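Visitor: missing the sequence, but the structure's below:
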């Protein structure tokens, strides 16, 4: 009697079934929407944090891609000027750049050259507010946005509630606090709890 189904036939059926099973596992049968995840922040070694006395622009703009066009000289004091050249990656979060001393520059440097920069608002008493600390590594704090900044051996906790340790502080608050950088001390000196963080 002639054989109706060959070994090849059953192998082909098995391969199709296996493929359907893998697709079902991978996509959850089409019942779930794939979770969109934020990309990990790029780690930046912060070598300079300084108050900007005045900016001097030459056809300068920051494109939507975060890359500069033209150049920007940031006058820090009578002896220091930082130049941001065209093609540098950066971000601008200070809206008062035209006001004397209203902004600070935060920069990743390679020698004197700016590799990456951010312009942020100045805080009171020559301080700059920065995002929450993610982890502490040796003498550096890595912030949740990827900035790597020196921190003081003792961080002043400006919170209504007392915490026994930094671990307890992070468990209770998560990222609901602000890091305070002192330009004079050249390091993070304090953390301030968000008022609504603990309800």
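Guide: Arrived safely. Here the structure is a predicted model, which means the values were calculated and not measured.
Visitor: For the chain, just list every one of the helices.
Guide: For the chain, applying DSSP state H gives helices covering 7-27, 166-173.
Visitor: what is the nearest residue to residue 101 once chain neighbours are set aside paired to in the beta sheet?
Guide: Spatial nearest neighbour of residue 101, excluding adjacent residues (C-beta to C-beta, 6 or more residues apart in numbering): residue 51 at 5.6 Å. For the C-beta atoms, the positions are set from N, CA and C on the backbone; glycine is no exception. Beta bridges link residue 51 to residue 104 when assigned by DSSP bridges.
Visitor: contacting residues for residue 51?
Guide: If you count contacts by C-beta atoms under 8 Å, 6 or more residues apart in numbering, residue 51 has them with 76, 101, 103, 104, 122, 126, 183.
Visitor: Just send those residues back as JSON lines, with pLDDT, distance to residue 147 and neighbour count too.
Guide: Shown next, in JSON lines, are these (pLDDT from 0 to 100; distance: C-beta to C-beta, whole Å; neighbours: other C-beta atoms under 10 Å):
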{"residue": "76", "pLDDT": "96", "distance to residue 147": "19", "neighbour count": "16"}
{"residue": "101", "pLDDT": "95", "distance to residue 147": "22", "neighbour count": "12"}
{"residue": "103", "pLDDT": "97", "distance to residue 147": "16", "neighbour count": "25"}
{"residue": "104", "pLDDT": "98", "distance to residue 147": "13", "neighbour count": "26"}
{"residue": "122", "pLDDT": "97", "distance to residue 147": "17", "neighbour count": "19"}
{"residue": "126", "pLDDT": "96", "distance to residue 147": "18", "neighbour count": "15"}
{"residue": "183", "pLDDT": "97", "distance to residue 147": "15", "neighbour count": "16"}
